[in-house]
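Q: sharing a model prediction with you, sequence too.
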Amino acid sequence: MKSDDRLAAVIAAVVTDDHVHARFLNTFSFLEYIGFRKIVKSQRAEVLNRSLLMHALEEGRHALLLKKLAVKLGGQAFDFYRAETMFCPEAAKTYFQQLDHQCDARFAQLGDLERSKLVYLYVTWLIERRALDVYGCYRDILGSSDLAPKLSALLAEEVGHLRAVEAGIAAGDPQHATRSAQFEALEAALYRDFVAAMAREAATHRAAV
């Protein structure tokens, strides 16, 4: 799962302007927050173990880290998830929500506990793979910027999340080989729409400069 040239071009354009860069960071903080919220809301207390709690807390910490960086670059207005302080907020939300909803629909025949477990595992797997891809591209473009080491620390934790959910999928779903390919295709289509929206937003900014 590798980013194409469109994402690299978007990020390269974004980082040249602190205000736009702050909007970009705030959007990805928002996505991390959605991940945190979904873990907490989707899992019943009787199955909310240490691993799930740790994952939720780390997603919340990632949201906070990116939020702090957004505020540092853009000012106090970026302390909130308001549309004007974000980069393609609707497209970002649609990407995550549609991924979650469509994965959930694939397991509609299962009981609530089994469905929530599998949806959590597959959505997390897809999101973590994409996060490694996007954040890796972002870090590479940042180069020697003082933001790059912060991205490296975040990436290390995302690798840990990915390994944990891969083990969970392999152990918990005998159909994982077939389903994984189907879910990859679903996520890739939603991601293409998200990147296309960001590319349009970046082009609008370039035209306005």
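A: Done, it's in. This is a predicted model, so every value here is computed, not measured.
Q: buried residues in the host helix or strand of residue 99, which are they?
A: According to DSSP states H and E, residue 99 maps onto helix 89-106. Across helix 89-106, burial judged by 16 or more other C-beta atoms under 10 Å covers 89, 91-93, 95-96, 98-100, 102-104, 106. Quick note: C-beta positions are derived from backbone N, CA and C, even for glycine.
Q: please apply the same query to stretch 13-28.
A: 13-15, 20-28.
Q: gap between the nearest residue to residue 51 once chain neighbours are set aside and residue 108?
A: Nearest non-adjacent residue to residue 51, counting by C-beta to C-beta, 6 or more residues apart in numbering: residue 164, 6.6 Å away. Going from residue 164 to residue 108 by C-beta to C-beta, to the nearest Å gives 25 Å.
Q: repeat for residue 62
A: 30 Å.
Q: and what of residue 45?
A: Here residue 45 is placed at a distance of 23 Å from residue 108 (C-beta to C-beta).
Q: one more: residue 154?
A: Distance, residue 154 to residue 108, by C-beta to C-beta: 34 Å.
Q: who has more neighbours out of the two?
A: The neighbour comparison of residue 154 against residue 108 (other C-beta atoms under 10 Å) goes to residue 154, with 21 against 7.
Q: and that one, which of the three is it?
A: helix (DSSP: H, G, I helix; E, B strand; the rest coil).
Q: what strand or helix carries the residue lying closest to residue 7 once chain neighbours are set aside?
A: Spatial nearest neighbour of residue 7, chain neighbours left out: residue 195 (5.4 Å); criterion: C-beta to C-beta, 6+ apart. Assessed by DSSP H and E, residue 195 sits inside helix 176-208.
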